[in-house]
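Enquirer: here is the input, now give the coordinates:
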Amino acid sequence: MDSELKRKLFHEIGLLIPISYFFYDKKDAIFGMSILVLVFVFVEFLRLRYNFGNEIIPKVVGKTVRDYEKIDLSAATYFIISSFFTVLLFEKYVAIAAISYNSIGDLFSAIIGKNYGKTKYMGGKKSIEGSLACFVSCLLVGLLILNPFMAISGALAATFAEGYLIKVNDNLSIPIVSGIILTLVSFL
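Expert: Reported below is the predicted structural model:
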């Protein structure tokens, strides 16, 4: 199994956040997410400032750490931070869908885009096939949680955030952008 696939599968641990949120109210979820954010940010501070854990992390997660993560926050930390703000800012089922889009959409976009992506855009960094996989997987997740109109809107928003906001870490952009769009659509 290549390191990118391992990385994406490791990323799926993040689904524990929206699944857990089904069983807690917003106040408890914010409290739990606050603790997670503090722990992740503290560990990242130690890692980046004092090289704490830099020899242990590859042994735990394998060679799934990208080069930029050696000098910047890890994707997992971005994921935890965006999940916290998604829970904080949005209605429960919007937050559950938006965080799930981040895990599921990003996974299928990467798998399909890497293996079958022939039609490139964004300077060759993304593929239409990967973006379609992101949209379809987010739509299916959305249909389990939301009404069809919201599911389509959220899937489009997540796909846009994953495919076009290249300069923003997609672990931040996918849940926040889709959460905003889902909230706006819920008022219609």
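Enquirer: where does this structure dip in pLDDT?
Expert: 1-11, 52-72, 166 (pLDDT under 70).
Enquirer: residue closest to the middle of it?
Expert: Asn102 (2.9 Å; Cα atoms, centre = their mean).
Enquirer: setting aside sequence neighbours, what's the nearest residue to that one?
Expert: Distance criterion Cβ to Cβ, 6 or more residues apart in numbering; nearest residue to Asn102, sequence neighbours excluded, is Ile174 at 4.3 Å. No exception for glycine: its C-beta is placed from N, CA and C like everyone else's.
Enquirer: ditto for Ile181
Expert: Ala157 (3.7 Å).
Enquirer: contacts for the strand or helix carrying the one you found?
Expert: When elements are assigned from DSSP states H and E, Ala157 belongs to helix 148-164. Residues outside helix 148-164 that contact it (Cβ atoms under 8 Å, 6 or more residues apart in numbering): 94, 97-98, 101-102, 105-106, 109, 121-122, 126, 130-131, 134-136, 138-139, 142-143, 145-146, 168, 170, 173-174, 176-178, 180-182, 185-186, 188.
Enquirer: CA atoms of it as CSV?
Expert: Output of helix 148-164 as CSV, limited to C-alpha atoms (Å, rounded to 0.1, in the frame of the first residue of the first chain):
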residue,chain,number,x,y,z
PRO,A,148,-31.6,16.0,-0.9
PHE,A,149,-31.3,19.7,-1.7
MET,A,150,-28.9,20.3,1.2
ALA,A,151,-27.0,17.2,0.4
ILE,A,152,-26.4,18.3,-3.2
SER,A,153,-25.5,21.9,-2.0
GLY,A,154,-23.1,20.6,0.6
ALA,A,155,-21.4,18.1,-1.8
LEU,A,156,-20.9,20.9,-4.3
ALA,A,157,-19.4,23.2,-1.7
ALA,A,158,-17.1,20.5,-0.3
THR,A,159,-16.0,19.6,-3.9
PHE,A,160,-15.3,23.2,-4.6
ALA,A,161,-13.3,23.6,-1.4
GLU,A,162,-11.3,20.4,-2.1
GLY,A,163,-10.6,21.2,-5.7
TYR,A,164,-10.3,24.9,-6.1
